[in-house]
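S.K.: got a sequence here, can you model it:
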Amino acid sequence: MKYNFDEYINRKNTNCVKYDGLKRYFNIEDAKPMWVADMDFKTPNFILEDLKKVLDYEILGYPEVSQEVYSSIISWYEKRHKISNINNDEILLTTGVVTAISACIEALSKENDEVIIQTPVYYPFFSCVQNNNRKLIINPLINEQDYYKIDFKDLEEKITPKTRLLILCSPHNPVGRVWDKEELLQLCKICLKHNIIIISDEIHSDLVFKPFTSILHLEEKYINNCVVLNSPSKTFNIAGLNSSYIIAKNEILKNKISVIIKKREIGNLNLFGLQGIISSYTKGEEWLKMLLFYLNENITIVNQSLNNKCNNITFKIPEATYLLWLNFTKVEDSHKNIFSRLLNKSKLALNDGSTFGKEGEFYFRLNIALSKNELIKSLICLNNEFN
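M.R.: Numbers count the residues shown, from 1 in each chain. Next comes the predicted model:
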C-alpha cells in the first residue's frame, strides 16, 4: 500500500492530549485512549514533507497569506463537493473551528439572545454559547433505534423573538448522520422564516460514506442566511496546526464576523497552518480515498464484533466520521458504573456520552481511527467485560 494505515505509532510522551492527557482527564494512565477526535494514523507524508520545507526557510518569521491558500480551499470545494462559486473575499481564516463558532456567536447575536443546538452534540457547542452570555436552547434530535432525525416540530415550538442563531453540526458529531438535502431545506426554511442565522460546522464533511450536502449546495437565499465553518484538520490529521476557515457569502454577515476576528486576534495562522491547508487540499485526494476505505473496514470490524443478538452494546453504522456512538442501554448497570468499568476493567478511555447532552446518558463515543490490530485488541477488552 502507498499509505500504511496498519502502522503503529507510539504517541506516548509526545505531548498529545489523547495519550498524555489521560491522567488529567480520566485520572488513569494505562487505558487505551479512544476518545479525542484525532487519528492514530500518521499524518500524510506529502504534508510532512511540505512542512519540512518550511523549516528549510531557516527563519520562521511572520507569514504572508498567499493566494495559494485561498486557491487550494476553492479548488477543494470544486473537486470534492462540486461547489464552484466561492471566491477569496468570502473566506475568512481562523485559528480553529471552535474559536470560529465563538466568534460567529459574538458577531451575529447580542448578549442574552437565544442560540439553538441539537443534542446530543459536540460538547464545545454548549460552552461557546454560554461563555458568550447567550441563552442556550436545546432542540433534541429524535432517536429512532439510534438513527437520529431533526425534530422540526420541537424546533418551531422553541423559537421566540429572541432566537438569533442555530448551530448545525453537519455531518453530525457524535451520531454520524449526513443530513439529507430535504432535511437541510426544511431546516433552512424554518430558520429563514424566523430570521435565524445558521452556523454550519462542516468539519467532518470530507469523512463521509454517502453523498454530502452542504448548505452551500442550496438556493442563494438559504446560503445568504448561513456561514459555513471548515478545516482540513480532521480529514488529514493536522489538528495541532490550528488552521480553519469560515465561508460567508453574505457580505453583511462576513463583515460582522471579520470585525470580531480582528478584535479577538484569531485570524493570523502560522507558517505551518497555512502550508497545512495548501498541502492537504492540493495533494490529498488519493490519501483520503484510501483513508475512507480503511475506516469503512474498521467500522465493519466493530459491527461484526458488537452487533449480534448476544451483545449488550449496539451502534448504528455511521454515515460519516470515524466516531461511533455506542449504546449501552442494554447493560444492566448505571451510567457512572459503566464508565468506571470501561476505564478500570476494559482499560478503554471513551468519551462520556453525557457530555454531549443529557440525551447521551448510557452512550459512549468510540474513536476507531487506529490500526486494525489495535482496534481488535480494544474490542476484545470491551467484549470481555460487557458480553
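S.K.: what pairs with the strand of greatest length in the chain, parallel or antiparallel?
M.R.: In the chain, ranked by residue count with DSSP state E as the criterion, the top strand is strand 163-169. Using DSSP bridges, strand 163-169 pairs in its sheet with strand 114-117 (parallel), strand 197-201 (parallel).
S.K.: what's the first helix or strand after the last one?
M.R.: In the C-terminal direction, the helix or strand that comes right after strand 197-201 (DSSP states H and E) is helix 220-223.
S.K.: tell me which strands and helices that following helix is in contact with?
M.R.: Helices and strands touching helix 220-223, by 3 or more Cβ pairs under 8 Å, 6 or more residues apart in numbering; DSSP states H and E, are helix 181-193. Where you see a C-beta, it was placed from the backbone N, CA and C, and this is true even at glycine.
S.K.: what about the residue nearest to residue 329 when sequence neighbours are not counted, how many residues nearby?
M.R.: Excluding the flanking residues, the one nearest residue 329 by Cβ to Cβ, 6 or more residues apart in numbering is residue 362, at 4.6 Å. If you count neighbours by other Cβ atoms under 10 Å, residue 362 ends up with 17.
S.K.: repeat that for residue 117.
M.R.: Neighbours of residue 117 under the rule other Cβ under 10 Å: 23.
S.K.: hang on, the earlier thing: quick one, the longest strand of the chain and helix 181-193 angle?
M.R.: Calculated by axes from the mean of the first three to the mean of the last three Cα atoms, to 10 degrees, strand 163-169 forms an angle of 160 degrees with helix 181-193.
S.K.: show the average pLDDT along strand 163-169.
M.R.: Regarding strand 163-169, the rounded mean pLDDT is 98.
S.K.: for stretch 44-59, same thing?
M.R.: Stretch 44-59 comes out with an average pLDDT of 97.
S.K.: how about that stretch: buried residues?
M.R.: For stretch 44-59, a neighbour-count test (16 or more other Cβ atoms under 10 Å) marks 44, 46, 47, 50, 51 as buried.
S.K.: average pLDDT across the longest helix seen in the chain?
M.R.: Ranked by residue count under DSSP state H, the longest helix found in the chain is helix 285-306. For helix 285-306, mean pLDDT is 97.
S.K.: what's the following helix or strand after that helix?
M.R.: Using DSSP H and E, the next helix or strand after helix 285-306 towards the C-terminus is strand 323-327.
S.K.: ok, of the buried residues of stretch 44-59, which one's closest to residue 147?
M.R.: residue 44 (32.7 Å; Cβ to Cβ).
S.K.: let me see the ranges of the strands in this structure.
M.R.: 32-33, 91-94, 114-117, 135-138, 142-144, 147-149, 163-169, 197-201, 226-230, 244-247, 323-327, 348-349, 351-352, 363-367.
S.K.: in a markdown table, list those along with distance to residue 264.
M.R.: Below are those laid out as a markdown table (distance: least, Cβ to Cβ, whole Å):
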| stretch | distance to residue 264 |
| --- | --- |
| strand 32-33 | 31 |
| strand 91-94 | 9 |
| strand 114-117 | 18 |
| strand 135-138 | 21 |
| strand 142-144 | 36 |
| strand 147-149 | 33 |
| strand 163-169 | 17 |
| strand 197-201 | 16 |
| strand 226-230 | 15 |
| strand 244-247 | 13 |
| strand 323-327 | 29 |
| strand 348-349 | 32 |
| strand 351-352 | 28 |
| strand 363-367 | 29 |
